[in-house]
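>>> no sequence for this one, just the structure:
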């Protein structure tokens with residue numbers, strides 16, 4: 001279910017503009033953010049309770065992405081001219097040069 005600006009009042013802990021940002025995010029991104037928040041809350045609970053679980057420890061740095069790998073980017077196919085195409089362009093350029101020389105000669 002996508003959150004809307006109108007449903008902001010009903011969401012606990014929703015900050016102004018946060019729901020609009022959630023609308024533009026993919027479901028996998030939202031789930032990874034929720035997982036990261038859950039990990040933070042588990043760590044805070046462990047610290048308050050006085051126990052530190054090994055699975056709750058966060059490593060320094062940016063957390064790993066839990067979403068699917070990035071889609072492969074395909075290279076654009078190189079466009080080659082055929083010999084016929086080159087001949088047509090050459091003929092057109094020569095005709096243009098002849099036209100220009102006639103205009104300069106007048």
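Arrived safely. Computed from a predicted structure; not experimentally measured.
>>> in this structure, which spans are helices?
18-23, 27-49, 83-105 (DSSP state H).
>>> Is it possible to get TSV of the ones you listed that adds mean pLDDT and mean neighbour count?
(Glycine included, C-beta is placed from N, CA and C.) Output for the helices of the chain, formatted as TSV (pLDDT from 0 to 100; neighbours: other CB atoms under 10 Å):
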stretch	mean pLDDT	mean neighbour count
helix 18-23	56	13
helix 27-49	90	12
helix 83-105	95	10
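>>> Could you export the ones you listed as CSV, including distance to residue 74?
What follows is the helices of the chain, written out as CSV (distance: least, CB to CB, whole Å):
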stretch, distance to residue 74
helix 18-23, 29
helix 27-49, 22
helix 83-105, 24
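>>> Quick one, which of those gets closest to residue 60.
Each of the helices of the chain has some distance to residue 60 by CB to CB; the shortest is helix 27-49, at 13.5 Å.
>>> Show me what that closest one is packed against.
Contacting helix 27-49 under the criterion 3 or more CB pairs under 8 Å, 6 or more residues apart in numbering; DSSP states H and E is no other helix or strand.
>>> do you know how far residue 63 is from residue 48?
22 Å (CB to CB, to the nearest Å).
>>> go on, residue 92?
To residue 48, residue 92 is 79 Å away according to CB to CB.
>>> among the helices of the chain, which is nearest residue 71?
So among the helices of the chain, helix 27-49 is nearest, using CB to CB, at 12.6 Å.
>>> What's the per-residue pLDDT of residue 68 here?
pLDDT, residue 68: 67.
>>> One more: residue 13?
57.
>>> quick one on the thing from earlier: tell me which of the helices of the chain lies nearest to residue 77.
helix 83-105 (16.0 Å).
>>> quick one: contacts of the closest one?
residue 81 (CB atoms under 8 Å, 6 or more residues apart in numbering).
>>> what does stretch 61-79 give?
26, 28-29, 31-32, 35-36.
>>> how about a markdown table for those, with distance to residue 42 added?
Conversion of the contacts of stretch 61-79 to a markdown table gives the following (distance: CB to CB, whole Å):
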| residue | distance to residue 42 |
| --- | --- |
| 26 | 24 |
| 28 | 21 |
| 29 | 21 |
| 31 | 16 |
| 32 | 16 |
| 35 | 11 |
| 36 | 11 |
